[in-house]
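Trainee: I'll drop the sequence and a predicted model, then ask my questions.
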Amino acid sequence: GQMAFTGKYEYEGDENYDEFVKKIGLPSDKIEMGRNCKIVTEVVQNGNDFTWTQHFPGGRTTTNTFTVGKEADMETMGGRKFKATVKMEGGKLVAEFPNYHHTAEICGGKLVEISTSSGVVYKRTSKKIA
């Protein structure tokens, strides 16, 4: 099968970060920490099973492990834990977080993630490094 998502991706740029994180209620210290943050996202895809790890500068990591179509325990950008079912729609991973809608796709070798909350669209692009 096509392991479309597998790889390591480094943060390249984003749009509407401040507006979005205020909308979802991130505390200001977390907002500062996350701005232009060189997050490295590591994805291992095995069919419908995914391990999605974000490495933050300073050694902190968050990992979400999920199977497409099955409910899984997830963690939000702000560190909240919740249950969600990730779907695959036309090559995009789609998840409903408690206060935002999230999609991820590989587009021209880049990882493109889009989160939407009350009409604010936050887009993060990461380039493949491994």
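Mentor: Good, I have the coordinates.
Trainee: could you report the neighbour count for Tyr122?
Mentor: 22 (other Cβ atoms under 10 Å). Where you see a C-beta, it was placed from the backbone N, CA and C, and this is true even at glycine.
Trainee: what is the mean pLDDT for the strand or helix carrying it?
Mentor: Taking DSSP states H and E as the definition, one finds Tyr122 inside strand 120-128. Per-residue pLDDT over strand 120-128 has a mean of 97.
Trainee: just the C-alphas of it, formatted as PDB.
Mentor: The C-alpha trace of strand 120-128 is given here as PDB (Å, rounded to 0.1, in the frame of the first residue of the first chain):
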ATOM      1  CA  VAL A 120     -10.800  31.100  11.700                       C
ATOM      2  CA  VAL A 121      -8.600  28.900   9.500                       C
ATOM      3  CA  TYR A 122      -5.100  28.100  10.700                       C
ATOM      4  CA  LYS A 123      -2.800  26.500   8.200                       C
ATOM      5  CA  ARG A 124       0.600  25.000   9.100                       C
ATOM      6  CA  THR A 125       3.000  23.700   6.400                       C
ATOM      7  CA  SER A 126       6.000  21.500   7.200                       C
ATOM      8  CA  LYS A 127       8.700  20.400   4.800                       C
ATOM      9  CA  LYS A 128       9.800  16.800   4.600                       C
END
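Trainee: lowest-confidence helix or strand of the chain?
Mentor: Between all helices and strands in the chain, the lowest mean by mean pLDDT, DSSP states H and E belongs to helix 28-34, at a mean of 85.
Trainee: can you give me the buried ones in that helix?
Mentor: Gly34 (16 or more other Cβ atoms under 10 Å).
Trainee: backbone torsions only: list them for the residue nearest the centre of the chain.
Mentor: Closest residue to the average C-alpha location of the chain: Glu113 at 6.0 Å, with Cα atoms, centre = their mean. Glu113 adopts backbone torsions of phi -120, psi 130, taken as degrees, to the nearest 10.
Trainee: who is it paired with across the strands?
Mentor: Residues in a beta bridge with Glu113, per DSSP bridges, are Ala104, Arg124.
Trainee: show the contacting residues for it.
Mentor: Applying Cβ atoms under 8 Å, 6 or more residues apart in numbering, one finds that Glu113 lies in contact with 102-104, 123-126.
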